[in-house]
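Undergrad: Build me a model from this:
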Amino acid sequence: MDPLRELGRAILVLGGFLVVLGTLLYFGGKLPFRLGRLPGDIVHRGEHTTFYFPIVTCLLLSVALSLLFWLFGNLRK
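TA: Next up is the predicted model:
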């Protein structure tokens, strides 16, 4: 495949990803769920400290990125 065509495809995919990411960030407050505040995220509030570990958010992002990379890998074949 022509290198310029491959570069063009990569730029189009990156642009589409940025549009989707920007849309999620822009409308994120209006979504019924908020990343980082999902049920199952661990929050422990002490007297002087707060410990927060977004385990469900991490799992969700991991699955989404794994699917995305799997799709990119299959498109390159």
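Undergrad: rest of the way, CA atoms for contacts and neighbours
TA: Fine.
Undergrad: what about the strands in this protein?
TA: For the chain, strands defined by DSSP state E occupy the ranges 42-45, 50-53.
Undergrad: how far away is the spatially most central residue of the chain from Leu35?
TA: Closest to where the C-alpha atoms of the chain average out (C-alpha atoms, centre = their mean) is Leu61, at 5.1 Å. Going from Leu61 to Leu35 by C-alpha to C-alpha, to the nearest Å gives 9 Å.
Undergrad: With His48 instead?
TA: 25 Å.
Undergrad: Over to Thr49?
TA: The gap separating Thr49 from Leu35 is 22 Å, by C-alpha to C-alpha.
Undergrad: the more surrounded of these two?
TA: A side-by-side neighbour count of Thr49 and Leu35, using other C-alpha atoms under 10 Å, places Leu35 first with 16 against 8.
Undergrad: What separation do you get for the more buried one and Ile55?
TA: Distance from Leu35 to Ile55, counting by C-alpha to C-alpha: 11 Å.
Undergrad: could you point out where the chain is predicted with low confidence?
TA: For the chain, applying pLDDT under 70 flags the ranges 1, 77.
Undergrad: farthest residue from the center of it?
TA: Distance from the C-alpha centroid of the chain, by C-alpha atoms, centre = their mean, peaks at Glu47 (33.1 Å).
Undergrad: how about that residue, phi and psi?
TA: Per-residue torsions, Glu47: phi -70, psi -40 (degrees, to the nearest 10).
Undergrad: distance of it from Lys30?
TA: Between Glu47 and Lys30 the distance is 32 Å, computed by C-alpha to C-alpha.
Undergrad: do Leu18 as well
TA: As for Leu18, its distance to Lys30 is 19 Å (criterion: C-alpha to C-alpha).
Undergrad: Equivalent analysis for Leu14, please.
TA: Taking C-alpha to C-alpha, one finds Leu14 at 25 Å from Lys30.
Undergrad: Repeat that for Gly22.
TA: 14 Å.
Undergrad: What count of nearby residues applies to the closest residue in space to Val43 that isn't next to it in sequence?
TA: Distances taken as C-alpha to C-alpha, 6 or more residues apart in numbering put Tyr52 closest to Val43, at 4.5 Å, once the chain neighbours are dropped. Residues near Tyr52, counting by other C-alpha under 10 Å, number 12.
Undergrad: Cheers, nothing more for now.
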